[in-house]
Every structure is written in C-alpha cells, then in structure tokens.
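>>> Please find the sequence and the predicted model below.
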Amino acid sequence: MPGEFHNALNGNCLDPQELTPSYILFLNAKFSNWEANQTCGRDVPESEYNALVDLYNATDGDNWIRNDGWLSDYSVCDWQHVSCVDVNGQQHVRDLWLNNNNLQ
C-alpha cells in the first residue's frame, strides 16, 4: 500500500491513515520525512511487487530451496534471486533466477 513505512522501533509496516495524530507527530519528530522515504520494500512499482508476491504464493515459496528475504520488509532488490535495474531513478525488477529452486 502506498504510504506504508518500516517502523524502526518494531519492524512492522504501518499505514499512516490508520495512525493516531499523536503517533504521527511522534514519527515526524523521530524520523525525517518518514512517510515519503520509507516504503517497506516497495522500492519497485507496486505492480511488480504484487507480481512477485503472487509468484511466491502460487509456487509454494515457503518451500523454495532459497527464499531469503522474500515477503519481508527488505528491499525487493535484496530478495534472494531478484535482480533490479534503475530506470530514470526508479528501481525495476530485471531478472529472476529461480530455476532449480523447488518451485511447485
């Protein structure tokens, strides 16, 4: 969801629309421009992120041989076997190396 961010205090993604005004004030004081800069791994377009999540779920990703980082708050570009490329300042998924990885 656009506007989600990684909360350094507990590692969860939060939606600013569900936060109390006092908590938003706290976040604004603690984190510089947190809402714009923190996106919970969605450093690629949302459609590409969603396609990777769908691929993982449809191919039994929990039982892949190597699934390090998948579905975590890490940058999508840091997920195991995902390669990205920068196009005009925006990261895009370039390659996936999933052969011999027990996809079902």
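Good, I have the coordinates. Residues are numbered from 1 along each chain as shown.
>>> elements contacting the helix ranked longest in the chain?
In the chain, with assignment by DSSP state H, the single longest helix is helix 46-58. If you count contacts as 3 or more Cβ pairs under 8 Å, 6 or more residues apart in numbering; DSSP states H and E, helix 46-58 packs onto strand 90-96. All C-beta spots, glycine's among them, are computed from the backbone N, C-alpha and C.
>>> what comes up buried for the strand it packs on?
For strand 90-96, a neighbour-count test (16 or more other Cβ atoms under 10 Å) marks Q91, V93 as buried.
>>> strand partners of that strand, parallel vs antiparallel please.
strand 82-87 (antiparallel) (DSSP bridges).
>>> quick revisit: give the buried residues for the longest helix of the chain.
E48, Y49, L52, Y56.
>>> Dump the C-alpha coordinates for that helix into CSV.
Taking C-alpha atoms only, helix 46-58 is exported to CSV below (Å, rounded to 0.1, in the frame of the first residue of the first chain):
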residue,chain,number,x,y,z
GLU,A,46,3.6,-1.7,-6.8
SER,A,47,2.5,-3.8,-9.8
GLU,A,48,6.0,-5.5,-9.9
TYR,A,49,6.0,-6.0,-6.1
ASN,A,50,2.5,-7.6,-6.3
ALA,A,51,3.6,-9.9,-9.2
LEU,A,52,6.5,-11.2,-7.1
VAL,A,53,4.2,-11.8,-4.1
ASP,A,54,1.7,-13.6,-6.4
LEU,A,55,4.6,-15.7,-7.9
TYR,A,56,5.8,-16.6,-4.4
ASN,A,57,2.4,-17.6,-3.2
ALA,A,58,1.5,-19.5,-6.4
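>>> which residues does the nearest residue to D95 once chain neighbours are set aside contact?
Counting by Cβ to Cβ, 6 or more residues apart in numbering, S83 is the residue found nearest to D95 once chain neighbours are left out, at 4.1 Å. By Cβ atoms under 8 Å, 6 or more residues apart in numbering, S83 lies in contact with C77, V93, R94, D95, L96, W97.
>>> mind listing what the residue sitting furthest away from the middle of the chain touches?
Distance from the C-alpha centroid of the chain peaks at S22, with 26.2 Å (Cα atoms, centre = their mean). Residues counted as contacts of S22 (Cβ under 8 Å, 6+ apart): none.
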